[in-house]
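Novice: predicted coordinates and the sequence they were generated for:
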Amino acid sequence: MAIEGVQPSAARQLLLQHTLLPLISIHLTLNADALFQTECNDTLISTLLVLRPYGNNARYSVPNQSYRIANLQLITRTYGLFPVRFDAPLPELLTVHNLAEDKKGEIAPLFSISSLEQLLKHASANSRTDLYSDMFRKVLTSNRILLFDTLNHPVAHIFVVDYATDSVETVRQLLVEFRNFAFPRYFQISDVLFHAFVAFDSRIVAETEVRRFQEELRTALSVGSSALPMFLGVDSDPLKVRMSKLVDMTIQEQVQHLSLQHTAEDNESIHVPKLLDMTLRLKIYEFLSKVLIPYMEQKIRVWDDLVLLPKKSITGRLFSVSRKFFNNNNNDVTASGTSPNTFNHQDNYYYRSSPEQVIRKLADWSLMLKDFKYAYSTYDLIKKDYTNDKAWVYVASTQELCIISLLLAQTQPLASDTLPLIPDRNTLRKIRHDIIEPYMDNLTYTFKLRFNVKTYAIRSYLIVAELLLNMSSMFSIPWWWDDLIEGYFLKAATDIDAHLISSGAVSGPHVLRAIIYERIGYAKAIAYYVPLEAADLLQPVLKEGVCVQVPEEVEEGGYENSAKIMPQNDNCISGRTRFRKSAMWYLMALWEWRDLDNPHQVLRLLQNLKIRFNVDEVTKNWYDRQGMALESLKSFCLPANREQAS
């Protein structure tokens with residue numbers, strides 16, 4: 001009797017696939033875009049829509065796919081996937097998001113809570129599936145360029161050109177336009193890797209000609225490239241690969257897509273020929289494994305040698321202290337931001353070449369390359385400088401990533417076939433009382449009160465709660481984290497409620513509250529206070545639910561006590577599960593869905609109560625009496641039951 005819900009390990013993977021990954025911006029010519037439209041036989045799509053799904057190389061992979069990543073200790077680990085995110089060019093992202101507010105030292109909201117509610121309400125209308133993964137994915141997905149966070153600063157910039165109509169001069173012009181754009185002073189353009197995808201018609205152009213063009217790009221512009229053959233009209237097989245247009249769309253992009261959508265179901269999907277599909281998988285895999293990962297490893301080694309190690313030395317520490325005292329006597333320089341080595345208090349950023357900004361990017365890139373322990377130590381080091389400079393938004397963001405990198409490091413397998421070691425009590429106590437609780441209190445105070453951006457705090461609550469839930473279920477230690485997980489989910493729900501009510505978007509029940517209550521119910525349902533060596537005692541309860549044990553058959557001629565009261569099958573683990581508390585949260589979520597007049601979600605969620613109650617029929621038990629919550633929900637679902645039966 002499995003309880004439906006997103007597995008904690010799957011939520012951890014969503015974080016790695018939608019937030020902690022390199023962003024690659026795509027800049028294409030009109031001719032290349034037309035070539036892709038001809039190949040896909042669709043004039044309404046763009047090359048970016050075609051490339052976006054292939055960033056998820058867990059789903060769109062090649063046979064025997066593996067990515068080798070070496071850390072600073074030259075220890076190499078092999079991973080089966082290395083997700084990236086393809087997005088629009090950085091100038092376009094900056095223009096769309098309009099960073100005027102950030103230039104004034106203010107922080108724009110991460111996403112629109114009202115739009116998120118609108119999307120999930122639309123998705124739940126005819127859905128019979130769990131919506132938490134959709135909500136969590138949408139909260140994690142963002143392409144907003146932040147001054148205090150380099151995770152969304154592009155690591156690479158790819159030019160997509162057409163060999164037949166574009167020349168080296170075309171690429172030069174694109175490169176010059178990109179370099180001459182007025183980027184914010186906190187963005188370092190010299191750290192971006194430039195690469196080109198050269199698309200060509202394989203029917204009429206030989207690969208040797210394309211190689212010469214690639215060599216010209218390398219010689220004239222120092223830009224590496226990959227040849228991308230197109231098979232116009234070659235693939236006669238009518239079967240094509242269908243993929244969604246909504247992959248990696250932000251909340252605002254999806255709302256716009258929803259408002260422009262008219263009738264066709266195909267409006268949400270694109271169809272890619274199979275030969276092009278296999279080619280894109282292979283070329284992107286080669287680019288990531290042979291170009292992007294080595295480039296990131298090299299930059300991390302350079303930053304570690306030239307910036308981080310001198311800062312850790314005694315001389316570097318003395319210089320930091322002296323700079324702190326001298327800057328206190330020169331506040332006008334710091335406020336105006338004329339010095340590239342100081343924090344600009346007026347516009348709230350560090351200059352692109354300042355050690356603090358470089359070290360922050362070093363930690364972010366280490367996190368992308370899954371070196372979680374090194375990332376944590378780097379975040380912890382730079383956090384002290386941010387505190388000294390009173391760069392509070394940098395402090396809050398760094399504290400959030402300290403928690404994330406620490407929890408990811410604790411749950412990272414030691415090898416492909418070796419699980420991580422269970423932390424001892426002293427380690428768990430330090431993680432909770434010295435790091436998670438004080439850091440979360442401080443960062444949420446900064447986001448909500450100092451900068452009035454609740455969305456960052458809501459995202460932090462959800463991410464940390466999911467990572468704690470993953471750690472709790474992996475090591476079977478719910479007694480360490482159960483109350484903290486529940487508290488963070490409730491704080492996220494409270495902040496969402498406050499925003500929706502104050503904005504006038506929703507005044508009664510809403511989908512976001514129902515989804516979070518459902519998640520709390522799931523977290524309680526998998527909180528087993530049972531030692532690992534006694535886990536087999538749980539199996540009868542998980543298989544059949546809590547019920548009365550069936551008496552053993554009496555031998556022929558033996559005495560049978562017909563009045564014997566049989567114990568329940570959870571008698572040996574009574575008090576070591578949280579099924580009743582889980583049922584309470586599920587009932588609260590069910591009541592929200594009932595008030596939203598959504599019988600499909602009520603019927604789906606009722607199945608998670610089977611472990612405690614009989615939900616398939618109206619019984620004579622106390623919970624089915626007239627006016628009880630469960631009886632009311634069953635009555636509400638009767639029309640949906642009839643529809644499902646028919």
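Specialist: The structure has been received and is ready for your questions.
Novice: tell me the domain boundaries of this protein?
Specialist: Here the domain parsing of the chain from automatic domain parsing is 23-95+151-295, 313-421.
Novice: between those domains, which gets the lowest average pLDDT?
Specialist: Out of the domains of the chain, domain 313-421 stands lowest, with a mean of 81 (criterion: mean pLDDT).
Novice: endpoints of it, how far apart?
Specialist: End-to-end span of domain 313-421 (C-alpha to C-alpha, to the nearest Å): 32 Å.
Novice: so how far is that domain from its chain's centroid?
Specialist: Mean-position distance between domain 313-421 and its chain equals 22 Å (C-alpha atoms, centre = their mean, to the nearest Å).
Novice: cool, stretch 537-544 as well?
Specialist: Centre to centre, stretch against its chain (C-alpha atoms, centre = their mean), the figure for stretch 537-544 is 33 Å.
Novice: same check on stretch 150-167?
Specialist: Using C-alpha atoms, centre = their mean, the offset of stretch 150-167 from its chain centre is 24 Å.
Novice: can you give me the strands in this structure?
Specialist: Secondary structure of the chain (DSSP state E): strands at 23-28, 67-70, 76-79, 85-87, 156-162, 193-201, 224-230, 240-244, 269-273, 343-344, 349-350.
Novice: so what touches the last one?
Specialist: Residues outside strand 349-350 that contact it (C-beta atoms under 8 Å, 6 or more residues apart in numbering): 147-148, 184-186, 337, 343-344, 356-357, 360, 391, 394. C-beta coordinates here come from the backbone N, C-alpha and C atoms, glycine included.
Novice: quick check: Leu51 touching Arg85?
Specialist: No: counting by C-beta atoms under 8 Å, Leu51 sits too far from Arg85 to count as a contact (10.4 Å).
Novice: how far away is Ser574 from Val530?
Specialist: As for Ser574, its distance to Val530 is 11 Å (criterion: C-beta to C-beta, to the nearest Å).
Novice: neighbour count: the two, which is higher?
Specialist: The neighbour count for Ser574 versus Val530, taken as other C-beta atoms under 10 Å, is higher for Val530 (17 against 10).
Novice: correct me if wrong: that one contacts Arg578.
Specialist: No: contact criterion C-beta under 8 Å: Val530 and Arg578 do not qualify, at 11.3 Å.
Novice: common neighbours of the two, please.
Specialist: The contact lists of Val530 and Arg578 share no entry, where a contact means C-beta under 8 Å, 6+ apart.
Novice: which parts of the stretch 101-250 of the chain are helices?
Specialist: Secondary structure of the stretch 101-250 of the chain, counting by DSSP state H, counting those that start in this stretch: helices at 113-124, 132-140, 168-179, 207-221.
Novice: okay, those in TSV with mean neighbour count and distance to Ser405 next?
Specialist: Putting the helices of the stretch 101-250 of the chain into TSV (neighbours: other C-beta atoms under 10 Å; distance: least, C-beta to C-beta, whole Å) gives the following:
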stretch	mean neighbour count	distance to Ser405
helix 113-124	19	26
helix 132-140	20	16
helix 168-179	16	31
helix 207-221	14	36
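Novice: closest to Leu512 out of those helices?
Specialist: Nearest of these to Leu512, taken as C-beta to C-beta: helix 113-124 at 5.5 Å.
Novice: now the angle between helix 132-140 and that closest one, please.
Specialist: 150 degrees (axes from the mean of the first three to the mean of the last three C-alpha atoms, to 10 degrees).
Novice: dump helix 113-124 to CSV, restricted to CA.
Specialist: The C-alpha trace of helix 113-124 is given here as CSV (Å, rounded to 0.1, in the frame of the first residue of the first chain):
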residue,chain,number,x,y,z
ILE,A,113,3.4,33.9,-6.3
SER,A,114,0.1,34.8,-7.9
SER,A,115,1.2,33.5,-11.3
LEU,A,116,2.4,30.3,-9.7
GLU,A,117,-1.0,29.9,-8.1
GLN,A,118,-2.7,30.5,-11.5
LEU,A,119,-0.5,27.9,-13.2
LEU,A,120,-1.1,25.2,-10.6
LYS,A,121,-4.8,25.9,-10.5
HIS,A,122,-4.9,25.4,-14.3
ALA,A,123,-2.8,22.2,-14.1
SER,A,124,-5.0,20.8,-11.3
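Novice: who does it touch, helix- and strand-wise?
Specialist: Contact analysis of helix 113-124 by 3 or more C-beta pairs under 8 Å, 6 or more residues apart in numbering; DSSP states H and E lists helix 132-140, helix 251-260, helix 454-475, helix 478-503, helix 511-525 as its packing neighbours.
Novice: the same query, at a cut-off of 6 Å, please.
Specialist: Contacts defined by 3 or more C-beta pairs under 6 Å, 6 or more residues apart in numbering; DSSP states H and E place helix 113-124 against helix 251-260, helix 511-525.
Novice: for the shortest one, packing partners?
Specialist: Here helix 251-260 touches helix 113-124, going by 3+ C-beta pairs under 6 Å, 6+ apart.
Novice: which of the contacts of strand 349-350 are buried?
Specialist: Leu147, Phe148, Arg185, Tyr186, Gly337, Phe343, Asn344, Glu356, Gln357, Arg360, Ala391, Tyr394 (16 or more other C-beta atoms under 10 Å).
Novice: quick one: which of the residues you listed is nearest to Asn598?
Specialist: Comparing the buried ones among the contacts of strand 349-350 against Asn598 with C-beta to C-beta places Phe148 closest, at 39.1 Å.
Novice: separation between that closest one and Ile270?
Specialist: To Ile270, Phe148 is 35 Å away according to C-beta to C-beta.
Novice: picking that back up, among the domains of the chain, which is nearest Asn442?
Specialist: Of those, nearest to Asn442 by C-beta to C-beta is domain 313-421, at 6.1 Å.
Novice: distance of the closest residue in space to Ala125 that isn't next to it in sequence from Met628?
Specialist: Distance criterion C-beta to C-beta, 6 or more residues apart in numbering; nearest residue to Ala125, sequence neighbours excluded, is Asn598 at 7.6 Å. Distance of Asn598 to Met628, computed by C-beta to C-beta: 21 Å.
Novice: same thing with Phe372?
Specialist: 48 Å.
Novice: go ahead and flag the most central residue of this structure.
Specialist: Residue closest to the average C-alpha location in the chain (C-alpha atoms, centre = their mean): Leu15, at 3.1 Å.
Novice: from memory Arg519 sits against Asp130, does it?
Specialist: No: applying C-beta atoms under 6 Å, one finds Arg519 not in contact with Asp130, separated by 9.2 Å.
Novice: of those two, which one has the most company?
Specialist: Arg519 (27 against 19).
Novice: burial of the residue nearest to Ala125, as a residue count?
Specialist: Using other C-beta under 10 Å, Asn598 has 23 neighbouring residues.
Novice: swap in Met584?
Specialist: Neighbour tally, Met584, other C-beta under 10 Å: 17.
Novice: hang on, the earlier thing: among the helices of the stretch 101-250 of the chain, which comes closest to Ala11?
Specialist: Between Ala11 and the helices of the stretch 101-250 of the chain, the shortest gap by C-beta to C-beta is with helix 132-140, which sits at 6.2 Å.
Novice: so how far is Leu606 from Arg128?
Specialist: 12 Å.
Novice: who has more neighbours, the two?
Specialist: Leu606 (23 against 11).
Novice: so the more buried one touches Asp616, yeah?
Specialist: No: applying C-beta under 6 Å as the test, Leu606 and Asp616 come out as separate, 9.0 Å apart.
Novice: find the residues that touch each one of the two.
Specialist: Common contact partners of Leu606 and Asp616 (C-beta atoms under 6 Å, 6 or more residues apart in numbering): none.
Novice: and stretch 9-25, what's buried?
Specialist: Using 16+ other C-beta under 10 Å as the burial criterion, the residues of stretch 9-25 that qualify are 11-12, 14-25.
Novice: pull the most distant pair out of the residues you listed.
Specialist: So, the buried residues of stretch 9-25 by C-beta to C-beta: farthest apart are Ala11 and Ser25, at 27.5 Å.
Novice: minimum distance to Ser632: which of the domains of the chain has it?
Specialist: domain 23-95+151-295 (32.9 Å).
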